[in-house]
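Undergrad: Mind looking at a prediction? Sequence and model below.
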Amino acid sequence: MKINIKPLSVNKAWKGKRFKSDKYKKYEKELLYLLPNKKKIGNLDGPLKISIEFGFSSAASDFDNPIKPLIDILQKKYHFNDNQIYEANIKKVIVDKGDEYLMFDIEQAPQSKTSGTT
């Protein structure tokens, strides 16, 4: 699913450590409006796998900065908990200024189990 919006850096999301910045609030409102309804996403119970692609206009952009704001907004829209995410694939693409975007897919994933032995 592709959404034509410039990814928001986590650095611009918070005022200090506890308060959402005005920029974040605006981004959240816009993204919540642009995201499709839950019917198009499907069932998000159990373990999840998420794939995210960010189209940045600057090669200097850190690919990990917009991950947290995006996942927090997806949780708000689709009513899942990020502790359900067991697998993630993140990709950074450089695009022309004004063509920034984010693309994501969320699907059921088999739950990974780790061995308690060494």
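TA: Ah, there it is.
Undergrad: okay, CA-based contacts and neighbour counts for the rest of this
TA: Fine.
Undergrad: Any stretches of the protein with poor pLDDT?
TA: By pLDDT under 70, the weakly predicted segments of the chain are 10-12, 14-18, 111-118.
Undergrad: give me that answer again for 80
TA: 1, 7-19, 111-118 (pLDDT under 80).
Undergrad: Just want the most central residue of it.
TA: Leu70 (3.1 Å; CA atoms, centre = their mean).
Undergrad: part of a helix, is that one?
TA: Yes. Leu70: assigned to a helix according to DSSP: H, G, I helix; E, B strand; the rest coil.
Undergrad: which residues pair with the residue nearest to Ala109 when sequence neighbours are not counted across the strands?
TA: Distances taken as CA to CA, 6 or more residues apart in numbering place Leu48 nearest to Ala109, at 4.7 Å, with adjacent residues excluded. In this entry, Leu48 is beta-bridged to Ile85, Gln108, by DSSP bridges.
Undergrad: isn't Leu48 right up against Phe80?
TA: No. Applying CA atoms under 8 Å, one finds Leu48 not in contact with Phe80, separated by 9.4 Å.
Undergrad: Which one's more surrounded, the two?
TA: Neighbours were counted for Leu48 and for Phe80 using other CA atoms under 10 Å; Leu48 has more, 22 against 18.
Undergrad: list the contacts for the more buried one?
TA: Shown in contact with Leu48 (CA atoms under 8 Å, 6 or more residues apart in numbering): Gln84, Ile85, Tyr86, Glu87, Ile106, Glu107, Gln108, Ala109, Pro110.
Undergrad: just curious, which of the residues you listed is nearest to Glu53?
TA: Ranked by distance to Glu53 (CA to CA), the contacts of Leu48 are led by Ile106 at 12.2 Å.
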